[in-house]
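Undergrad: give me a 3D structure for the following:
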Amino acid sequence: MREKILTFIEKNSRVDLAELAVMLGMEQVDVANELEAMEKEGIICGYHTLIDWDKVTDQRINALIEVRVTPQRGHGFDAIAERIYKYPEVEATYLISGGYDLLVTLEGKTLKEVSSFVSEKLSTLDTIISTSTHFILKKYKDHGTILHQKYEDERMIVTP
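TA: This is a model prediction of the structure:
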């Protein structure tokens, strides 16, 4: 039951409780109680709105920063990850496999603002060995939602 509810609300957190109950074949009160229980247990951590910022005049720069660190004895990567994710600029922090240890996503108003964060705050932490910054130039799909539809050629076909 929980997985069915989570699957539906992950794609559309604004779904009406009555509609969700009908889709799942459950009573509305049961769905509401289950949602509340999952919020209290920390299974549901929040509700977010996906915005296509390219369609808004307020420009934003998103970046992915790969970070190589020296893990701390007894804490592994957790202590440095916590220091990083506490910065308000940081959107997300992930432990990853491969050539880097952490992947940090952040948002800024300009390339300079993001670059300054990396050089003045992130790179100066004592356990950081190196970073590699990648700026997101265009989002095609985000959180399972297609943001830009495939270009359709609207020219008329001319045949001889």
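Undergrad: excluding chain neighbours, what is closest to the residue nearest the centre of the chain?
TA: The chain has residue 92 as the residue nearest its centroid, 6.4 Å off, counting by Cα atoms, centre = their mean. Once flanking residues are discounted, residue 92 sits nearest to residue 105: 4.5 Å by Cβ to Cβ, 6 or more residues apart in numbering. Every C-beta, even on glycine, is put in place using the N, C-alpha and C of the backbone.
Undergrad: past the helix or strand containing residue 38, which element shows up next along the chain?
TA: Using DSSP states H and E, residue 38 sits in helix 28-40. Counting by DSSP H and E, the element after helix 28-40 in chain order, helix or strand, is strand 61-69.
Undergrad: only C-alpha atoms, please: export that next one in CSV.
TA: Output in CSV follows, covering the C-alpha atoms of strand 61-69 (Å, rounded to 0.1, in the frame of the first residue of the first chain):
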residue,chain,number,x,y,z
ILE,A,61,22.8,28.9,-13.0
ASN,A,62,22.9,25.2,-11.9
ALA,A,63,26.1,23.3,-11.4
LEU,A,64,27.2,19.8,-10.6
ILE,A,65,30.5,19.7,-8.6
GLU,A,66,32.4,16.5,-8.3
VAL,A,67,34.4,16.5,-5.1
ARG,A,68,37.3,14.2,-4.2
VAL,A,69,37.9,14.1,-0.4
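Undergrad: so, low pLDDT: which residues of this protein?
TA: 50, 53-54, 57-58, 149-154 (pLDDT under 70).
Undergrad: pretty sure the residue nearest to residue 92 sits in a strand.
TA: Yes: secondary structure of residue 105 (DSSP: H, G, I helix; E, B strand; the rest coil): part of a strand.
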